[in-house]
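The following block contains a protein sequence and its predicted model.
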Amino acid sequence: MSKHVVIDPITRIEGHLRIEAVIDDNNVIQEAYSSSTMFRGIEEILKGRDPRDCGLLAMRICGVCTGTHYQRSIEAVEHAFNVTIPKNARLVRNLMQGGLYIHDHIVHFYHLHALDWVDITKALEADPKKTVEEAQKWAKLSGQRPWNASEDNYAAVQERVTKYVKQGRLGIFGNAYWGSKAYKLTPEQNLIGLSHYLDALELQREVAKAQAIFGGKNPHPQSIVVGGVTCVQDIKNPVRVAEFKDIIQKALKFTKQAYLPDVYMAGTMYADEALEGVGGGLGNFMSYGDFNLDDLPFYNSAKLFPSGIVMNKDLSKVYELDQTKITEDVTHAWYEGTTNKHPYDGVTDPKYTGFREKKDGIAYLDTENKYSWIKSPLYDDERMEVGPLARMVVAVAKGDERISKYVTKFLKNGNLPTKVLFSTVGRTAARAIETELMCDVLIEWCDELAANVASGDLSTWTEFDFDKVAKDAQGFGMAEAPRGSLGHWVKIKDGKVINYQAVVPSTWNAAPKDYKGRLGAYEASLVGTKVVNPDEPLEIIRTVHSFDPCIACAVHIVDTKGKELAVYKVDPVGGCRA
Amino acid sequence: MVDSQEMVKKVFTTNSARINTNKGDAYYNSLFEKAKSRLAALRKQPALKDIDLMEVVESEGVNRRDFMKWASATTATLMLPPMFTPLVAQATELMNRVPVVWIELQDCAGNSEAILRSATPTVDDLLFDVLSLEYHHTLQAASGHQAEHQLEDAIHTFKGKYLLFVEGAIPKAMNGQYGTIGPGGETFEDNLKRLSKDAAAVVAVGTCATFGGIPAAAPNPTGAVGVMDIVKGKPIINIPACPANPANMVGVVLHYVLTGQIPELDSLLRPKFAFGYRIHDNCERRAHFDAGEYVEEWGDDGAKNNWCLYKMGCKGPMTFNNCSIIRYNEGANWPIGVGRGCIGCSEPDFWDKYAYERPMADANIKAPTGGVEKTVDEFGLGLLTATSIGIGVHAVASAVAGKRTVHSEDEE
């Protein structure tokens, strides 16, 4: 008899996500459903506001990809106003955004994802001396020394955690799937992972600090404005730029000596799954493109990550991205109707229909009908996966030399065929490959910024006449967040926002089925996966985590008809500004 | 780091500090005795984690002297006289006797991300040694049923003893169904009520949990409210800001460990040690405000020379928070440092009142020599009730004379 598994909450993510799976007698997942269970209505809140203030507010869609939402929102308004930012502003925004990628990927791999690969209880059985040898083995693959090659270090980590475990309460490490047969690393490998978990806690703090140098704080930086950036004194101070660069250099060292070797280690130990394509999913990949390399308006600028579409894992063909082909469908989302409209014109009314039934204290999604607050975006009527893997796939298919070099190097060093990329392991590996690339380019951009300032260019902002440009305008800001394609669309009239829409990575990936019954990216990646033990669905968590879910971002509404929502009457607090 | 701690100490102990922190010898002597017996009692309790904090601290290359410097700065931050320094050091070692359960509701995880940036103590110490973090959505290993059991176990084991940290607002509309959690699909509101029932105190962290924050911004589509609108009959501590400063989160726990009671709060339930001052009081650009030197346009000469940001919409004069002293990310910077001005994120309804890049047309800031005469309580209440704030003139007058248009609130 098949088993219907409910996993809620999915933890180690941002936001509220529920996964339900139907698993057959052979423990193979037959059906999977992805549902977001939290709604805030931020786009509705944005309506009626001054477009210049949107960035600060839209940034709060997410506290993780915070700077990405901020920048996209500002760019959407700049696009609407036809404003192009000065070089210093572009470089600083790239530095902040690049810092975010590095931070996000490191936190994701070590603190949100690693415990799906690493069994910390097993690390306690490791031999510290053998652990050094093991660490050397994986670092050597890319010609590196390990991040930490001292026996004392591994012994100290082990002692610290042993002490912790012996206290009897595991705190945030309590009650996980420890000991599950789905964990495949040796005790020594687990100890390496655990040791780097701690080192990465320290490192991510540093990288966040780097972003704060130009952003004022992290999360939720504050230095980007329509027309440019405000951090003039930090740009003109060479010490600040050098400080930023130092931190990125340290992150590069960590990436080469710990992060990439750890991915080789996990990739090799889980190679069977990778080769079988476990967790592969849709096979359709999309990138909006990211990081402007010249000072043209952003939608015309050359990009570090090219935009494009790859269908059915076919790297021989790549389609140009056309933003007008993006639509959103709500057949299985808690909104009225089945609209399939472009973000500029989307009309959506919340229509919460709740769970299908509750049995023995467990609620079940109404999967035949509506079952998530996330809508189902489509590109040219096709489902898409977005994220670091999609960026790599699109870049390689487009023949981008720089990115192809990083991907090829990774596969060659790890002695891995290209097809391993189309899997849970591949999604995780793409993130590590990208981190090395980002560190390298950020170091170059630091030098570029310093040189530009030294040449006497201190310009950080482009002037515009608000009253004129904000009369009747619309624009979009489209680029990539660490976890995938993120776009904001805004319509402005008489100096106020009249419509606002974000279509973001987790909307693409975590979406429910569409009007044709086609699966979302999470759902597709889960179907067909075999789990060792349905009561400990580690494999499900691992695959879902490989997307780096960021669910608060994904949930939004475009418009409500007046104040009347489906199941209740809104009681506006503080009145409406529109 | 130690230097910035010295600065914190200096600011909080200086005579010109406007909040009255000196409650007299009798008060402090009695609190000191109370703290001493509290710590002795905690020490006798079975340890959740038995650690040698100095060993941990020294393993990071910080010596006893630096640690005591940190303790002395922290004592000042908590607005306690220097005699408490050794007790604060002891309390830090005993912090893990107080279990913490951290839940997330209508949030963006910004405050969770902020605690990951904690520098004093560092986040790995917080996770492994200093705190007893029993449940944390963004960091914990377990998911689904296993996570639920972990939570159940924590609240039963530590009934009446744990601090419940809440991140995110609570949607009230549509019977709370804009947010559900757990296998049973419990609403956020029910979840919060259930978990706060046996908490020693509830700490609302970030502006969403305190005052509703972004989900509650007009027109508040989900009927979002803060913790204090839901939880009744429990001590509640509000640590607003977007995100809240991790130093203040640690400060609240430390204060509770030290004294067994929640810190002194203002009328908005914010700890006075953190929210007793306006941003403006200790702003690095204050001298330019006093001199009437303002940035008039992004990137202008004023901006290049770090002039006052009031005319670019800085709400520092209306905002109570210690970020001008503590700053963010190990003191790396803060919003005014990057030339953007304060958006008032630790104040109620700041999205509708403050978060825009124009000055408040009717908030006539008092001329510098007049100083700031109101206490935090009066000012906080004034903000909630008064239609205009009504202080001094010259800033706004010159803003109107400037080339940028000043929109008044009425016009919007």
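On my side now, so go ahead.

Who are the contact partners of residue B:194?
Listed by C-beta atoms under 8 Å, 6 or more residues apart in numbering or on different chains, the contact set of residue B:194 reads residue B:186. Bear in mind the C-beta positions are built from the backbone N, C-alpha and C, glycine included.

Tell me how far it lies from residue A:451.
58 Å (C-beta to C-beta, to the nearest Å).

now do residue A:440
Taken as C-beta to C-beta, the span from residue A:440 to residue A:451 is 17 Å.

Torsion angles phi and psi at the residue nearest to residue A:82 when sequence neighbours are not counted?
Spatially, and ignoring its direct neighbours in sequence, residue A:82 is nearest to residue A:469 (6.7 Å; C-beta to C-beta, 6 or more residues apart in numbering or on different chains). Residue A:469 adopts backbone torsions of phi -70, psi -20, taken as degrees, to the nearest 10.

can stretch A:231-247 be found next to chain B?
Yes. Using C-beta under 8 Å from any C-beta of the partner chain, we find that stretch A:231-247 touches chain B at A:231-234, A:236.

so of these, which ones are in strands?
Using DSSP state E, no member of these falls within strands.

Turn those into a markdown table, columns for neighbour count, pLDDT and distance to residue A:337.
Putting the residues of stretch A:231-247 next to chain B into a markdown table (neighbours: other C-beta atoms under 10 Å in any protein chain shown; pLDDT from 0 to 100; distance: C-beta to C-beta, whole Å) gives the following:
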| residue | neighbour count | pLDDT | distance to residue A:337 |
| --- | --- | --- | --- |
| A:231 | 29 | 97 | 45 |
| A:232 | 29 | 96 | 48 |
| A:233 | 15 | 94 | 51 |
| A:234 | 25 | 95 | 48 |
| A:236 | 15 | 94 | 53 |
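
so which of the residues you listed comes closest to chain B?
residue A:231 (4.0 Å; C-beta to the nearest C-beta).

which residues sit in contact with the closest one?
So residue A:231 contacts A:92, A:214-216, A:223, A:460, B:338-340 (C-beta under 8 Å, 6+ apart).

closest to residue B:160 among those residues?
residue A:216 (40.3 Å; C-beta to C-beta).

Got phi/psi on the closest one?
Torsion angles, degrees, to the nearest 10, at residue A:216: phi 90, psi -40.

returning to what we had before: nearest to residue B:66, out of the contacts of residue A:231: which one, please.
For the contacts of residue A:231, with residue B:66 as the reference and C-beta to C-beta as the criterion, the closest is residue A:216, at 27.2 Å.

quick revisit: looking at the contacts of residue A:231, which has the most residues close by?
residue A:215 (34 neighbours; other C-beta atoms under 10 Å in any protein chain shown).

mind checking pLDDT for the nearest residue to it once chain neighbours are set aside?
Leaving aside its sequence neighbours, residue A:215 sits nearest to residue A:221 (C-beta to C-beta, 6+ apart; 2.7 Å). Predicted confidence (pLDDT) for residue A:221: 97.

Point out where the chain drops to low pLDDT.
Defaulting to chain A. Along chain A, segments meeting pLDDT under 70 span A:338, A:347-348, A:556-578.

right idea, wrong chain: chain B
B:1-22, B:47-62, B:361-412.

Using the record, which stretches count as separate domains in it?
B:24-274, B:279-362 (the TED database).

Let's have these in TSV, adding distance to residue A:407.
Compiled in TSV, the domains of chain B are given as follows (distance: least, C-beta to C-beta, whole Å):
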stretch	distance to residue A:407
domain B:24-274	29
domain B:279-362	32
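
Name the nearest residue to residue B:215, ignoring sequence neighbours.
Here the residue nearest residue B:215, using C-beta to C-beta, 6+ apart, is residue B:224, at 3.6 Å.

hang on, the earlier thing: and the residue nearest to residue A:82, how many residues sit next to it?
Using other C-beta under 10 Å, residue A:469 has 19 other residues around it.

Distance-wise, check it relative to chain B.
14 Å (C-beta to the nearest C-beta, to the nearest Å).

Same check on residue A:109?
Counting by C-beta to the nearest C-beta, the gap from residue A:109 to chain B is 14 Å.

and that residue, that one's in a helix?
Yes. Under DSSP: H, G, I helix; E, B strand; the rest coil, residue A:109 sits within a helix.

can I assume it is in contact with residue A:427?
No. Contact criterion C-beta atoms under 8 Å: residue A:109 and residue A:427 do not qualify, at 11.0 Å.

ok, and what's touching whichever helix or strand residue A:377 is part of?
Residue A:377 is part of strand A:376-379, with elements assigned from DSSP states H and E. Strand A:376-379 has contacts (C-beta under 8 Å, 6+ apart) with A:286, A:309, A:325-333, A:340, A:383-384, A:503, A:507-508, A:511-515, A:520.

for the closest residue to chain B within chain A, what are its contacts?
Residue of chain A nearest chain B, by C-beta to the nearest C-beta: residue A:63 (2.7 Å). Residues near residue A:63 by C-beta under 8 Å, 6+ apart: A:14, A:219-220, A:552, B:107-114, B:243.

Those residues: which two are farthest apart?
Using C-beta to C-beta for every pair in the contacts of residue A:63, the one that comes out farthest apart is A:552 and B:114, at 15.3 Å.

Neighbour count: the two, which is higher?
residue A:552 (32 against 29).

From what I see, the more buried one and residue B:104 are in contact.
No. With contact defined as C-beta under 8 Å, residue A:552 does not count as touching residue B:104 (9.3 Å).

which residues are common contacts for those two?
residue A:16.

among the contacts of strand A:376-379, which ones are buried?
A:286, A:309, A:326-333, A:340, A:383-384, A:503, A:507-508, A:511-514, A:520 (16 or more other C-beta atoms under 10 Å in any protein chain shown).

Among the residues you listed, which ones are in strands?
Those of the buried ones among the contacts of strand A:376-379 lying in strands (DSSP E): A:286, A:309, A:326-329, A:340, A:503.

Distance check, the residue lying closest to residue A:514 once chain neighbours are set aside against residue A:548.
Leaving aside its chain neighbours, residue A:514 sits nearest to residue A:376 (4.3 Å; criterion: C-beta to C-beta, 6+ apart). For residue A:376, the distance to residue A:548 (C-beta to C-beta) stands at 20 Å.
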